[in-house]
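# The following comprises the amino acid sequence and a computationally predicted model.
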Amino acid sequence: ETGVTQSPTHLIKTRGQQVTLRCSSQSGHNTVSWYQQALGQGPQFIFQYYREEENGRGNFPPRFSGLQFPNYSSELNVNALELDDSALYLCASSLVVTTTDTQYFGPGTRLTVL
Amino acid sequence: KQEVTQIPAALSVPEGENLVLNCSFTDSAIYNLQWFRQDPGKGLTSLLLIQSSQREQTSGRLNASLDKSSGRSTLYIAASQPGDSATYLCAVKTGANNLFFGTGTRLTVIP
């Protein structure tokens, strides 16, 4: 059984550019959540996808968007990058969407916006 | 809006000491509370998950308690080791899709 993987591990972009981050869920998991973790802060919920549909969103602007594919891998897209978007982006997968399930986190992608 | 606070922000202890990390949350309507470990620049490793109906969970040298009515949880680490050095995060689940995290406690165990 493979865990949650993310790519790339590090990324440097300039302000105004667009970026795509990728996540492969743990085998058999149909739910993926994305979080943003700024330096020295706890992760903040961006959105969740369940069976290829968005299933909840945090307080992030529309330039943060996502996709989930039939194999349950996922992408996070950020348009018009701003300096404050510099952070560690974490994805987490879970087996089902319930109130008691455990989310399994990937190692994260470190995004630096210059 | 749910807010999660962790005290202290940083803690330094000599090896072998027992220690307690604190987590408090403002809205007691939670489904579960989870403690995570994060090494510098890395992802999160789940340590313990306590469902709202439970009072505590134990795993090895770790014990987590939950008092939902008062909005508090503690993580007790027995006989600390240098390998325990990391940031510890608590998170509460208030719906099917969202975890609210605290800002973490950075623990250093001195050999």
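Cool, got the structure.
# Spit out the contact partners of the residue in chain B positioned nearest to chain A.
Relative to chain A, the nearest point of chain B is residue B:101 (3.2 Å; Cβ to the nearest Cβ). Glycine gets a C-beta too; all of them are placed from N, C-alpha and C. Residues near residue B:101 by Cβ atoms under 8 Å, 6 or more residues apart in numbering or on different chains: A:35, A:42-44, B:4, B:89-91.
# near chain A, which residues of chain B show up?
B:4, B:31-32, B:34, B:36, B:41-46, B:49, B:51, B:89, B:91, B:93, B:95-104 (Cβ under 8 Å from any Cβ of the partner chain).
# buried subset of the residues you listed?
B:4, B:31-32, B:34, B:36, B:42-44, B:49, B:89, B:91, B:93, B:95-104 (16 or more other Cβ atoms under 10 Å in any protein chain shown).
# Among the residues you listed, which are located in strands?
Secondary structure from DSSP state E places B:4, B:32, B:34, B:36, B:44, B:49, B:89, B:91, B:93, B:99-101 of those in strands.
# Mind putting those into JSON lines with distance to residue A:95?
Output for those, formatted as JSON lines (distance: Cβ to Cβ, whole Å):
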{"residue": "B:4", "distance to residue A:95": "24"}
{"residue": "B:32", "distance to residue A:95": "15"}
{"residue": "B:34", "distance to residue A:95": "15"}
{"residue": "B:36", "distance to residue A:95": "18"}
{"residue": "B:44", "distance to residue A:95": "17"}
{"residue": "B:49", "distance to residue A:95": "14"}
{"residue": "B:89", "distance to residue A:95": "22"}
{"residue": "B:91", "distance to residue A:95": "18"}
{"residue": "B:93", "distance to residue A:95": "15"}
{"residue": "B:99", "distance to residue A:95": "15"}
{"residue": "B:100", "distance to residue A:95": "21"}
{"residue": "B:101", "distance to residue A:95": "21"}
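# Let's have those residues in a markdown table, adding distance to residue B:62 and pLDDT.
Below are these laid out as a markdown table (distance: Cβ to Cβ, whole Å; pLDDT from 0 to 100):
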| residue | distance to residue B:62 | pLDDT |
| --- | --- | --- |
| B:4 | 19 | 96 |
| B:32 | 16 | 91 |
| B:34 | 12 | 94 |
| B:36 | 12 | 96 |
| B:44 | 15 | 93 |
| B:49 | 12 | 92 |
| B:89 | 14 | 97 |
| B:91 | 16 | 96 |
| B:93 | 19 | 90 |
| B:99 | 19 | 89 |
| B:100 | 21 | 93 |
| B:101 | 18 | 96 |
